[in-house]
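In: any chance you can model this:
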Amino acid sequence: MQNLEATERPKRKLNKRSTLSHLAAVLFGVLLTVMLLVATGLSKLTPAMVAEKLVDCIGADATTAAEPPGDAPQKVAVKQVLEKLEFPIALLAMPDGSLLIAEKAGTLTLANPTTGARTSVGDLRQAIDASAEGGLLGIALHPRYGVEGERRLFVTFTRAADRALIIASVNYHQGGRVALQSLTALQTIPRESDWHAGGGMLFLPDGRLLVGVGDDSKPNEAQGRSGFLGKILAFNINDPSSGPMIFAEGLRNPFHIAVQPDGRALWIADVGHYCVEEVNRVPIDASATQWNFGWPIFEGNRAWPRYQPLDYSFASKDAEPSPEKDFVVPISTYAHVKKGACAVIGGAFLENWYLFADYCDGILRSLPLDAAAGTKAAQIYDFNRDSKQVGIVAVVSDVFGRVWVLDAWGGNVFQIEAAP
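Out: Numbering: from 1, shown residues only. Okay, the predicted model is just below:
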């Protein structure tokens, strides 16, 4: 495996685009709109939305690599272990191997993956707005849970009163219930829309808490320095008063993030706009400057056609971004296709592979942990084969190395293992 810290990371440059070329692409796309409306399976969208999608996505297919890695694990065993949950959205393993599952509306369920037995251990619904992309979005157990009385469970959710994203802790004694009265906010992030809340969270090996925050459907905010939208934030939970540091920026909706088992790299599945989904990987280094992934200047690895120069709220004129600013190149991208992909869902680790899926097409994909930028993922399992309808909202590794897939539409939890 290549040394991520020592390897020069590919960068992409922001270059000025030709106005005439962009205008020609727009006109060409508009002419195709009526002809392709039915062919692209977009008849449920308004004509304006269809036109925007078709124009924006011209040439998107050409931005992906030609071939996936040849030695990907083409066979996996898939076993359903739980069913009839209410929109399971996040999962973690307790010290005894049981699963703590967050359901979007705000309930917490403790389940035995072997017997299927489960019990409700928490209800945060009175505090949560679960409309659209809001809800109880992420959970993370304190790394020292159970040691010297440590009982904190960290949660992210959108608040009922105003849709703000709340990053908080609650006390949870396994075998009991989450103590709602113990809810303590680390950070409140104001939001205005029902979309792009993010919410994925985890602990790094050094004890920092990372939380992914979406751009709230305000692309400008992902590059702005005056707020936390479109970012991944790092918290020192031992000093809550210090506030969060920005670990990464230039993200649209980092719905799920994952730490490589060896602790050396962070993988980020960032949901695209209409055309391209992306998977990113960066080394974990407490001393590193923050990473910038380019949204909204880039969608995936191509210039976003609707980008406009932004007010980045930099402290001084000299600090404004240069037209030659560097952005991190995605490890992998894939384009939306007819009746196909719409939102990348990450991510778990199986042997030497990163596994992720898509919310709409139900396809489980894989990338080698040492993949170079621009690698095309291998497709290794189709959850929607045999006319099934599975809405994958999480692919999760737990502390025991087990891999789980959460199905929002069917309320199922699947276990994934490498097949012989």
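In: CA-only coordinates of the helix or strand that contains G122 in PDB, if you can.
Out: Under the criterion of DSSP states H and E, G122 resides in strand 118-123. Output of strand 118-123 as PDB, limited to C-alpha atoms (Å, rounded to 0.1, in the frame of the first residue of the first chain):
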ATOM      1  CA  ARG A 118     -34.300  -5.600  19.800                       C
ATOM      2  CA  THR A 119     -35.500  -3.000  22.200                       C
ATOM      3  CA  SER A 120     -36.100   0.700  22.100                       C
ATOM      4  CA  VAL A 121     -33.500   2.600  24.200                       C
ATOM      5  CA  GLY A 122     -34.100   6.200  23.400                       C
ATOM      6  CA  ASP A 123     -36.600   8.600  21.900                       C
END
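In: now do the residue lying closest to W404 once chain neighbours are set aside, the pLDDT please.
Out: Excluding the flanking residues, the one nearest W404 by C-beta to C-beta, 6 or more residues apart in numbering is V396, at 4.8 Å. Yep, even glycine has a C-beta here, placed from its N, CA and C like the rest. Per-residue confidence at V396 stands at 98 (pLDDT).
In: just the strands in the stretch 201-350 of the chain please.
Out: Taking DSSP state E, counting those that start in this stretch, the strands of the stretch 201-350 of the chain run over residues 209-213, 231-235, 245-249, 256-259, 265-270, 276-283, 291-292, 298-299, 302-303, 326-328, 332-335, 344-350.
In: figure out which of these is closest to E192.
Out: Of all those, it is strand 209-213 that lies closest to E192, at 13.7 Å by C-beta to C-beta.
In: can I get the closest one as CSV, trimmed to CA atoms?
Out: This file holds the C-alpha atoms of strand 209-213, laid out as CSV (Å, rounded to 0.1, in the frame of the first residue of the first chain):
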residue,chain,number,x,y,z
LEU,A,209,-14.7,14.1,17.0
LEU,A,210,-15.3,14.7,13.3
VAL,A,211,-18.7,15.8,12.0
GLY,A,212,-19.8,16.3,8.3
VAL,A,213,-22.0,19.3,7.7
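In: who does it pair up with?
Out: strand 198-203 (antiparallel), strand 231-235 (antiparallel) (DSSP bridges).
In: I'd like the strands of the stretch 201-350 of the chain laid out as JSON lines, including mean neighbour count and distance to L100.
Out: Listed next are the strands of the stretch 201-350 of the chain as JSON lines, based on neighbours: other C-beta atoms under 10 Å; distance: least, C-beta to C-beta, whole Å:
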{"stretch": "strand 209-213", "mean neighbour count": "27", "distance to L100": "17"}
{"stretch": "strand 231-235", "mean neighbour count": "24", "distance to L100": "20"}
{"stretch": "strand 245-249", "mean neighbour count": "20", "distance to L100": "25"}
{"stretch": "strand 256-259", "mean neighbour count": "24", "distance to L100": "16"}
{"stretch": "strand 265-270", "mean neighbour count": "25", "distance to L100": "21"}
{"stretch": "strand 276-283", "mean neighbour count": "24", "distance to L100": "26"}
{"stretch": "strand 291-292", "mean neighbour count": "20", "distance to L100": "30"}
{"stretch": "strand 298-299", "mean neighbour count": "26", "distance to L100": "34"}
{"stretch": "strand 302-303", "mean neighbour count": "18", "distance to L100": "39"}
{"stretch": "strand 326-328", "mean neighbour count": "19", "distance to L100": "32"}
{"stretch": "strand 332-335", "mean neighbour count": "25", "distance to L100": "30"}
{"stretch": "strand 344-350", "mean neighbour count": "24", "distance to L100": "16"}
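In: compare the ones you listed and say which comes out lowest on pLDDT.
Out: Going by mean pLDDT, the lowest-scoring of these is strand 326-328, which has a mean of 86.
In: so which elements touch that strand?
Out: Secondary-structure packing of strand 326-328 (3 or more C-beta pairs under 8 Å, 6 or more residues apart in numbering; DSSP states H and E): strand 11-13, strand 291-292.
In: try it again at 10 Å.
Out: strand 11-13, strand 276-283, strand 291-292 (3 or more C-beta pairs under 10 Å, 6 or more residues apart in numbering; DSSP states H and E).
In: R163: which of those strands is closest?
Out: Of all these, strand 276-283 comes closest under C-beta to C-beta, at 25.0 Å.
In: in its sheet, which strands sit next to that closest one, and in what direction?
Out: By DSSP bridges, strand 276-283 pairs with strand 265-270 (antiparallel), strand 332-335 (antiparallel).
In: to M49, which of those strands lies closest?
Out: Among the strands paired with strand 276-283, strand 332-335 comes nearest to M49, with 17.8 Å by C-beta to C-beta.
In: now the closest one - C-alpha only, CSV.
Out: Extracted C-alpha coordinates of strand 332-335, given in CSV (Å, rounded to 0.1, in the frame of the first residue of the first chain):
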residue,chain,number,x,y,z
SER,A,332,-13.3,8.1,-7.6
THR,A,333,-16.3,9.6,-9.4
TYR,A,334,-19.3,8.2,-11.2
ALA,A,335,-21.9,9.8,-13.3
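In: chain center to that strand, what's the gap?
Out: 14 Å (C-alpha atoms, centre = their mean, to the nearest Å).
In: again, but for stretch 355-375
Out: That offset, for stretch 355-375, works out to 13 Å (C-alpha atoms, centre = their mean).
In: cool, stretch 373-381 as well?
Out: Stretch 373-381 has its C-alpha centroid displaced from the chain centroid by 17 Å (C-alpha atoms, centre = their mean).
In: average pLDDT for that stretch, rounded please.
Out: On average, stretch 373-381 scores 92.
In: if I pick the closest residue to V276 other than its chain neighbours, what's in contact with it?
Out: In space, and not counting its chain neighbours, V276 is closest to G300: 3.1 Å by C-beta to C-beta, 6+ apart. Listed by C-beta atoms under 10 Å, 6 or more residues apart in numbering, the contact set of G300 reads 60, 63-64, 270, 272-273, 275-279, 293-294, 329-330, 332-335, 344.
In: make it 6 Å
Out: Contact partners of G300, counting by C-beta atoms under 6 Å, 6 or more residues apart in numbering, are 272, 276, 278, 333.
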